[in-house]
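*Asks:* Build me a structure from this.
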Amino acid sequence: MSRPLKQLTIRNFEPELIEALEKLAQQQSLSLNQAALLLMRRGAGTGKRGRPKIGGALDRFIGTMTSLEEREFLQATEGCRQIDPEFWR
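*Replies:* From the prediction side, this is the model:
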């Protein structure tokens with residue numbers, strides 16, 4: 001039986017540690033949370049050294065689209081929202 005996932009709040013990060021976390025997150029396209037987990041796993045020796053299977057590779061794009069770009073994107077992808085009944089038989 002697996003144990004439930006837990007949340008942990010960590011305070012008083014030194015500036016150097018924050019910089020290292022931000023650098024790792026940016027280099028590997030991870031969220032700060034994922035970068036912190038990666039480093040803690042490495043430090044704990046749990047063997048999970050690679051990138052997370054489900055990650056934040058697209059997190060850096062969140063909030064970067066302008067309103068005009070959003071409208072253009074939605075218009076360009078409108079056809080993707082249509083369901084082809086033949087496909088679902």
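
*Asks:* only C-alpha atoms for contact and neighbour calcs from this point on.
*Replies:* Will do.

*Asks:* Specify which residues of this protein, grouped into ranges, have pLDDT under the cut-off.
*Replies:* When residues are selected by pLDDT under 70, those of the chain lie in 1-2, 4, 47-56, 89.

*Asks:* Let me see the ranges of the helices in it.
*Replies:* Shown for the chain, the helices assigned by DSSP state H span residues 15-27, 32-44, 67-76.

*Asks:* right, and those helices - which one's nearest Pro85?
*Replies:* Evaluated with C-alpha to C-alpha, the helices of the chain place helix 67-76 nearest to Pro85, the distance being 21.4 Å.

*Asks:* Just the C-alphas of the closest one, formatted as CSV.
*Replies:* Only the C-alpha atoms of helix 67-76 are listed here, as CSV (Å, rounded to 0.1, in the frame of the first residue of the first chain):
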residue,chain,number,x,y,z
SER,A,67,-4.3,38.9,-25.8
LEU,A,68,-3.7,39.2,-29.5
GLU,A,69,-1.6,36.1,-29.7
GLU,A,70,-4.2,34.2,-27.7
ARG,A,71,-7.0,35.3,-30.1
GLU,A,72,-4.8,34.3,-33.1
PHE,A,73,-4.0,30.9,-31.5
LEU,A,74,-7.6,30.1,-30.7
GLN,A,75,-8.7,31.1,-34.2
ALA,A,76,-5.9,29.0,-35.8
